[in-house]
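Novice: show me the folded form of this:
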Amino acid sequence: MMTGAVLRAGAWPAVAGLSGVAVVVGGCGAAFPAAATMLFPICFALLAAAAAFTLDEPASLVVDVTPTGPVRRTQIRAVALLAPLAAGALVLLAAALRGQALPWAAAGLALAGNILLGFAAACVARTRTGEPGAAAGTAVVLVLMAPALVPHVARWVRTFPAPGAGGLSSDTVWWTVLAVCAVAIAVSLGGRSLPSWMSTVPISRRRRSYPTVQPP
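Specialist: Presented below is the predicted three-dimensional model:
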């Protein structure tokens with residue numbers, strides 16, 4: 001029951017909307033192989049933004065003082081990552097059916113790395129705000145699109161496996177990112193605490209008070 005309630009409270013319109021746009025962009029990459037190396041990174045960046053919205057909690061002031069700890073809540077919200085992951089897998093499947101010759105293991109690693117990066121950024125931002133999706137998603141998209149927007153960065157770092165491209169391979173980049181994300185998530189969950197102003201409020205004042213009925 002708790003799992004269902006926590007998942008229903010998520011920002012599903014944003015997760016579904018970004019995942020849908022990513023499928024459209026990735027579908028164009030699957031349909032037009034010449035543009036795949038340009039459109040697939042955009043698709044994966046949008047899925048990373050969708051992953052960042054999985055931790056949004058509009059009722060954070062109430063949820064953060066409940067007995068359910070941040071680790072348990074984050075574990076439940078991580079189930080929502082199946083949505084962007086399934087969208088990315090659908091795009092890769094479409095590309096495979098179209099006969100594209102991509103390094104599928106490296107492409108799958110890039111997909112997982114993008115999604116985990118968005119989730120890790122949201123975990124870190126969640127220690128400061130109850131709705132980190134917009135800020136974390138925007139930051140992650142800008143970082144992931146840097147190689148496409150800044151040619152100098154593309155010479156050194158690749159976020160998608162492109163045959164014949166120079167610079168650091170995407171596998172090296174994403175294995176490093178996965179390790180850093182795992183550490184960032186662990187640290188953010190271990191160090192999360194109530195805001196200082198809330199910790200000074202007596203517990204009795206956080207509870208809802210009901211009017212006392214005086215006897216006649």
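Novice: mind listing the helices in the protein by residue range?
Specialist: 2-8, 12-31, 36-52, 60-63, 70-78, 82-97, 104-126, 133-144, 146-149, 151-154, 170-190, 196-199, 203-206 (DSSP state H).
Novice: those: which one's closest to residue 162?
Specialist: Residue 162 lies closest to helix 36-52 among these, at 4.6 Å (Cβ to Cβ). For glycine as for every other residue, the C-beta is placed from the backbone atoms N, C-alpha and C.
Novice: so which bits of the closest one are buried?
Specialist: Of the residues in helix 36-52, 36-37, 39-52 count as buried by neighbour count, 16 or more other Cβ atoms under 10 Å.
Novice: of those residues, which is the nearest to residue 95?
Specialist: Closest to residue 95, out of all of these and judged by Cβ to Cβ, is residue 36, at 6.7 Å.
Novice: I'd like the distance between that closest one and residue 57.
Specialist: 36 Å (Cβ to Cβ, to the nearest Å).
Novice: before we move on, back to that, ok, of the buried residues of helix 36-52, which one's closest to residue 91?
Specialist: The closest of the buried residues of helix 36-52, once distances to residue 91 are taken by Cβ to Cβ, is residue 43, at 5.8 Å.
Novice: so that closest one makes contact with residue 30?
Specialist: No. Shown here, residue 43 and residue 30 do not form a contact pair, counting by Cβ atoms under 8 Å, at 9.5 Å.
Novice: list the contacts for residue 135?
Specialist: 125, 129 (Cβ atoms under 8 Å, 6 or more residues apart in numbering).
Novice: pLDDT wise, what is residue 165 at?
Specialist: Listed pLDDT for residue 165 reads 54.
Novice: now do the nearest residue to residue 181 once chain neighbours are set aside against residue 110, distance only.
Specialist: Setting aside the residues directly before and after it, residue 181 is nearest to residue 120 in space (Cβ to Cβ, 6 or more residues apart in numbering), at 3.8 Å. According to Cβ to Cβ, residue 120 stands 15 Å off from residue 110.
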